[in-house]
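Undergrad: Take a look and give me a structure for this.
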Amino acid sequence: MKRVLIFGGTGHMGAAIRRHLDPEKYRITTVTRNPKSPDDVRWDGQTLGRWTEALEGADVVINLAGRRVHCRYNEVNLQEMMSSRILSTQVLGTAIAECSNPPSVWLQASTATIYAHTFGKANDEATGELGGAEPGVPKVWNFSIQIAKNWEAELEKAVTPNTRKVPLRTAIMMGIDKESAFDIFSGLTRMGLGGQLGSGRQFVSWVHEQDMVRAMEFIIEGDLAGPVNICAPNPLPQAQFAKDLRRAWGIPIGLPAMPWMINIGAWVMNGDSELVMKSRRVVPTRLLDAGFKFHFPDWAPAAKDLADQMRRRA
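TA: Just a heads-up that it's a prediction; the model follows:
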């Protein structure tokens with residue numbers, strides 16, 4: 001059985017990993033600022049300490065640490081998003097470098113937001129255009145991209161010759177937990193607000209939580225290194241995304257929203273419009289070329305599966 005350490009694993013992604021990673025093959029320990037069980041290990045995400053003892057002899061490290069992104073994109077929150085990711089990655093790299101028996105693989109959270117806002121050719125790992133220089137987009141979007149670039153750069157700096165490093169450029173994970181992206185989108189849809197946003201042409205890249213964890217396991221057991229896009233192979237325009245979600249919930253209508261309405265709504269919900277207005281057209285070429293098979297390559301069946309699961313839990 002392989003020993004897996006999940007750093008910052010108390011959020012939605014950590015919950016999905018614990019739900020779907022094969023318990024007969026992997027034993028999970030959560031390393032967190034706020035331990036909730038006797039098996040959890042405490043760290044502060046910034047400094048070395050007794051938590052480093054857990055790294056010795058571990059097989060896999062999954063680093064998800066970082067301030068949550070569902071917040072208003074003001075200067076304070078953006079700086080906290082940046083520093084929490086950079087510092088946690090930096091100190092983890094230092095700790096792994098000092099291990100006598102280091103983990104064999106380090107999966108590092110990153111984001112598909114690193115790619116440019118585009119309606120044209122899909123972005124893959126080899127030919128995709130990194131964002132940050134697109135004309136006409138809000139400046140705050142560029143800050144999000146810089147966070148992603150710095151995050152990956154910190155991983156690259158870590159001197160871990162015996163540990164394979166894989167930044168996971170993950171699209172919007174669709175899962176069944178409360179306050180997850182799917183839960184928020186579904187709540188709006190069931191209120192009749194799940195219509196076209198702006199032009200509706202912006203692409204939505206997404207991944208079903210089961211496929212996200214299956215992809216992680218595939219990477220752990222394989223030999224991929226370097227950036228890997230974790231997303232379903234078929235991103236789709238937001239208007240179709242919303243239509244399929246309405247169908248999954250049996251909602252006949254969804255009121256459209258203009259960009260100014262979306263900005264107000266995002267502010268009221270303590271978030272930012274980037275989540276729904278940036279066009280993320282990202283494809284998982286490296287996973288597909290390596291032979292990974294998605295259980296949910298298309299959005300309509302994925303949305304139905306997740307909605308059915310949430311109905312059963314209600």
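
Undergrad: quick one, helices of the protein?
TA: Secondary structure of the chain, counting by DSSP state H: helices at 12-20, 75-97, 139-157, 181-190, 209-221, 238-249, 259-268, 274-277, 285-289, 299-313.

Undergrad: Nearest to residue 36, out of these?
TA: helix 12-20 (11.2 Å; Cβ to Cβ). Backbone N, C-alpha and C define where each C-beta goes, glycine included.

Undergrad: buried stuff in that closest one?
TA: 12, 13, 14, 15, 16, 17, 18, 20 (16 or more other Cβ atoms under 10 Å).

Undergrad: follow-up on the earlier one: tabulate the helices of the chain (JSON lines), appending distance to residue 40 and mean pLDDT.
TA: Shown next, in JSON lines, are those (distance: least, Cβ to Cβ, whole Å; pLDDT from 0 to 100):
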{"stretch": "helix 12-20", "distance to residue 40": "11", "mean pLDDT": "95"}
{"stretch": "helix 75-97", "distance to residue 40": "16", "mean pLDDT": "88"}
{"stretch": "helix 139-157", "distance to residue 40": "24", "mean pLDDT": "89"}
{"stretch": "helix 181-190", "distance to residue 40": "25", "mean pLDDT": "93"}
{"stretch": "helix 209-221", "distance to residue 40": "20", "mean pLDDT": "98"}
{"stretch": "helix 238-249", "distance to residue 40": "35", "mean pLDDT": "98"}
{"stretch": "helix 259-268", "distance to residue 40": "33", "mean pLDDT": "59"}
{"stretch": "helix 274-277", "distance to residue 40": "29", "mean pLDDT": "78"}
{"stretch": "helix 285-289", "distance to residue 40": "30", "mean pLDDT": "98"}
{"stretch": "helix 299-313", "distance to residue 40": "24", "mean pLDDT": "96"}
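
Undergrad: need these in JSON lines with distance to residue 36, can you?
TA: JSON lines is the format used below for those (distance: least, Cβ to Cβ, whole Å):
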{"stretch": "helix 12-20", "distance to residue 36": "11"}
{"stretch": "helix 75-97", "distance to residue 36": "19"}
{"stretch": "helix 139-157", "distance to residue 36": "26"}
{"stretch": "helix 181-190", "distance to residue 36": "21"}
{"stretch": "helix 209-221", "distance to residue 36": "20"}
{"stretch": "helix 238-249", "distance to residue 36": "32"}
{"stretch": "helix 259-268", "distance to residue 36": "30"}
{"stretch": "helix 274-277", "distance to residue 36": "27"}
{"stretch": "helix 285-289", "distance to residue 36": "32"}
{"stretch": "helix 299-313", "distance to residue 36": "20"}
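
Undergrad: who wins for proximity to residue 117 among these?
TA: helix 139-157 (6.8 Å).

Undergrad: can you give me the angle that closest one makes with helix 75-97?
TA: If you take axes from the mean of the first three to the mean of the last three Cα atoms, to 10 degrees, helix 139-157 sits at 10 degrees to helix 75-97.

Undergrad: How about residues contacting helix 139-157?
TA: 66, 69, 73, 78, 81-82, 85-86, 89-90, 93, 106, 108-111, 113-114, 117, 130-134, 165, 167, 169, 227, 272, 274, 278 (Cβ atoms under 8 Å, 6 or more residues apart in numbering).

Undergrad: Mark which of the residues you listed are part of strands, please.
TA: 106, 108, 109, 165, 167, 169 (DSSP state E).

Undergrad: Might one say that the first one is in contact with residue 164?
TA: What it means is residue 106. Yes: under the criterion of Cβ atoms under 8 Å, residue 106 makes contact with residue 164 at 7.0 Å.

Undergrad: who's more crowded, these two?
TA: residue 106 (25 against 19; other Cβ atoms under 10 Å).

Undergrad: For residue 63, see how far away that one is.
TA: To residue 63, residue 106 is 7 Å away according to Cβ to Cβ, to the nearest Å.

Undergrad: okay, and the common contacts of these two?
TA: With Cβ under 8 Å, 6+ apart as the test, residue 106 and residue 63 both reach residue 92.

Undergrad: from the middle of its chain, how far away would stretch 157-170 be?
TA: 17 Å (Cα atoms, centre = their mean, to the nearest Å).

Undergrad: Can I get it as PDB, trimmed to CA atoms?
TA: What follows is stretch 157-170 as a C-alpha-only set of coordinates in PDB (Å, rounded to 0.1, in the frame of the first residue of the first chain):
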ATOM      1  CA  LYS A 157      13.000  25.700  -8.500                       C
ATOM      2  CA  ALA A 158      12.700  22.800  -5.900                       C
ATOM      3  CA  VAL A 159      15.800  20.600  -6.100                       C
ATOM      4  CA  THR A 160      14.200  17.100  -5.800                       C
ATOM      5  CA  PRO A 161      16.200  14.800  -8.200                       C
ATOM      6  CA  ASN A 162      14.600  11.700  -6.700                       C
ATOM      7  CA  THR A 163      11.000  13.000  -6.800                       C
ATOM      8  CA  ARG A 164       9.100  13.300 -10.000                       C
ATOM      9  CA  LYS A 165       7.200  16.700 -10.200                       C
ATOM     10  CA  VAL A 166       3.900  17.200 -11.900                       C
ATOM     11  CA  PRO A 167       2.000  20.500 -11.900                       C
ATOM     12  CA  LEU A 168      -1.700  19.700 -12.300                       C
ATOM     13  CA  ARG A 169      -3.300  22.400 -14.500                       C
ATOM     14  CA  THR A 170      -6.800  21.600 -13.300                       C
END
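
Undergrad: With that, I have no additional questions.
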